[in-house]
Each structure stands twice: as C-alpha cells, then as structure tokens.
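Engineer: 3D, please:
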Amino acid sequence: MKKVSIIDVAKRAEVSVSTVSLVLRQKGKISQATIEKVQAAINDLGYVHNVAAANLRANTSNLIGLILHDFNDPFAVRVTSSIVHELEQQGFMVVLAQPQGNIERLEQCLLAFTRQGVAGVIYLDAESKTDSVPAAISESPLPMVVVSQSPLNCERDLVMRDNRQAGSLATRYLIERGHRSIAYIGGDARCLIRHERLSGYRAALTQYGLFPREDFTPACREDTQAASAVVRELLESNNKITALLCHSPNAIIGCIDAINQVGRTVGKDVFLTQQVSLIGFEDLMINLTTPSFTYVSSASEETGRQAAQLLLRKLKTADLPVQRITLSGQLVVRGSA
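Structural biologist: From the prediction side, this is the model:
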C-alpha cells in the first residue's frame, strides 16, 4: 500500500504543499475554512505527520528534556506533572531522565539529550544542603531552566519556592490565633529549606515581641520515629507549647504520634491546653488525618507552569536575560490549626 504523502494531502484539499505544511506546523495566517479542508483531507487519507523528520528539516525540535532526581519527592512529582501538562499543550513532548544524584549519569543524560536534539532542558534540583548546581548543569550549552526548593547561586534561569515567606506566614497565623509557644519540628540541621523557614519563623516571632528559643527548633533525621522522639521530649519538658510547625510529611506523622503519646490531641482551640495545633508545608496528607491538615502550599503546580513557560520564552528569544522567579505559598486553613 502506497504511503500517503503531504503532496497527496495538498491535492485532496486543493491547496499548495506549503499551505499544508503551515497548517501542520500551526504557522502563518491560514483561514479557518482552509484549515478545515486540510484537516479533512488528512483524516480521509489517513496521513501521519512525521514530526521528527519535519523538525530535522527545519532544524527545530519539539522535545524537552526533564531531569528528575526523586520520584518519592511529592513536590518534584507535582512540579513534573505540571511541566508535562504545560509543554504538551504547546505541542512539545517531554523526555524524562533520572540520574539519581550520580554526576556521571547526569553527564550521560545531558549528552543523550544533545544527541536526541532536544530544544531545551528543565532541571529539578533535589539538593537542599548546598546552594550550587553540578558543573554539568552550569556548563551545559543547552537552553535550560532550573527548578529548586531553595535559592541557588548559579547563572541559570531559576524558579524557586519562597521558604522564608512560608515560615513567616504560618507563624504569624498561629500568633494571631493566640499562640505564644510555637515550635518548629524536623529537617536536617544542614537543610537550606529548614534554615529559610526558620528565618521567617523567627522574624515573625520577633515582630510580635516574642523571643525565639533554640530548643523549640529541634532538627532530626527525616523519618517518623526520629520526629516522634524529639517532639515527645519537647512536649514533656515544655507543656505550654500549643503549636508545631512540621518540616515534612514525616515530621507530621511523628508529631501526631508524639502528641497522642503525651495524652494531648491535635486541634485548633488554643484555649484548650490539651490541644496542639499543627501546620505543615506540603500539599499532601491533608485528607489522611483527623482533623484535616492546615498547611502552607508549596506552589508546586504554579512552579511547573512558570518553569515551562520560562523555557519556552528562552527558546523564542535566545538572548533573553537570566530570570529568577520566586513563588510564594498560600495558607490553606483546615482543622488542625
């Protein structure tokens, strides 16, 4: 059976080959009537547009490389979903790579992307203990946007979360509800996300004339047992604590466990001394606890949209100045605080 070509489509639609090409590439000023004629001819003949070949001829690509380090990170997964959705709406396809923190594999991923002719790359940074990116990222000639949960010292276009704002927002909300003894639970002592949230937390306490206490900000391993242990010790030695900021989902579970162990409950009533209010910084788990969880959103979906749109702008304007986009989260009030 003869393969249907673009010439066959042009003959059936009674238009020029160049007009069919413009319709396929969604370029030029083509009337709606002509577009419909061409689409009808494509459907009638069963023509399949070879995008890869067209891109090769035009020296363009509809492929975008996406480097993701951890599928277990809720923020990264949501950002990835948002990026893919945004790019697909614009006619691009995403090629996913997961080097898992291995520098050699990261270099291989970038080399593979170059050989595949990707138009650009989005790099989801997973390292929260350093403010730099790998040399392979900073030195890559590919158009690139970096997504990070904390500020980075790099010359790449960057989309990041405002962790200081999140820590301040959660703390001010609790203070305005009447809380005066508020603790921050969890996170590795070297974690930059933790440092930034604590900066906002301490600034909010100081703004309201409250004294930040170092013993109210215990760091711990990123697991539920470690969080439970430090929270139980904290609550047993400071029974006036009425609110906890939870660094991560593991910290949330650990806090709930410890609160139950010391005979208190989770709730938003500051005047009931047995209740402890909880606020997290993740969009997940809000329906897995009773009461439902109050949290500062991570702006993950908007982060993905902004990263995709920024890369598309870079592809259209090669000399676009480096941009740094910082996104703030919103407080979602539920039953836990």
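
Engineer: any idea how far Arg177 lies from Gln330?
Structural biologist: From Arg177 over to Gln330 the distance is 17 Å, taken as Cβ to Cβ, to the nearest Å. C-beta coordinates here come from the backbone N, C-alpha and C atoms, glycine included.

Engineer: list the contacts for Asp44?
Structural biologist: Taking Cβ atoms under 8 Å, 6 or more residues apart in numbering as the criterion, Asp44 is in contact with Arg12.

Engineer: so when I look at it, I'm seeing a strand, right?
Structural biologist: No - going by DSSP: H, G, I helix; E, B strand; the rest coil, the assignment for Asp44 is helix, not a strand.

Engineer: which other residues reach stretch 120-130?
Structural biologist: Contacts for stretch 120-130 (Cβ under 8 Å, 6+ apart): 64-70, 73, 76, 79-80, 83, 101, 110, 113, 133, 137, 140, 142-150, 152, 156, 188, 190-193, 307-308, 311, 314-315.

Engineer: ugh, typo on my part, it should be stretch 93-108
Structural biologist: 62-71, 80, 83-84, 87-88, 109, 112-113, 116, 118, 126-127, 134, 136-137.

Engineer: which of these count as buried?
Structural biologist: 62-69, 80, 83-84, 87, 109, 113, 118, 126-127, 134, 136-137 (16 or more other Cβ atoms under 10 Å).

Engineer: can you list the weak-confidence ranges in the stretch 201-337 of the chain?
Structural biologist: Applying pLDDT under 70 to the stretch 201-337 of the chain flags residues 272-273, 283-289.

Engineer: which stretches in it count as strands?
Structural biologist: 243-246, 265-266, 275-280, 294-296, 324-327, 331-332 (DSSP state E, counting those that start in this stretch).

Engineer: where's the residue nearest to Leu63 when sequence neighbours are not counted, which helix or strand?
Structural biologist: The shortest distance from Leu63 to any non-neighbouring residue, by Cβ to Cβ, 6 or more residues apart in numbering, is to Val118 (4.5 Å). Following DSSP states H and E, there is no helix or strand that holds Val118.

Engineer: and Val118, what is it in contact with?
Structural biologist: Contacts of Val118 (Cβ under 8 Å, 6+ apart): 61, 63-65, 95, 142.

Engineer: please apply the same query to Leu311.
Structural biologist: Contact analysis of Leu311 by Cβ under 8 Å, 6+ apart lists 64, 120-122, 143-145, 157.

Engineer: wait, Gln26 sits on Asn62?
Structural biologist: No - between Gln26 and Asn62 there is no contact under Cβ atoms under 8 Å: 11.3 Å.

Engineer: overlap in contacts, the two.
Structural biologist: Gly91.

Engineer: need the CA coordinates for stretch 165-172. CSV is fine.
Structural biologist: Only the C-alpha atoms of stretch 165-172 are listed here, as CSV (Å, rounded to 0.1, in the frame of the first residue of the first chain):
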residue,chain,number,x,y,z
GLN,A,165,7.7,33.6,53.4
ALA,A,166,6.2,30.2,54.2
GLY,A,167,7.7,30.1,57.6
SER,A,168,6.6,33.6,58.4
LEU,A,169,3.1,33.1,57.1
ALA,A,170,2.5,30.0,59.2
THR,A,171,3.9,31.6,62.3
ARG,A,172,2.0,34.8,62.0
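
Engineer: identify the residues contacting that stretch?
Structural biologist: 182, 184, 196-201, 203-205, 207-208, 245, 279, 281, 296, 328-329, 331.
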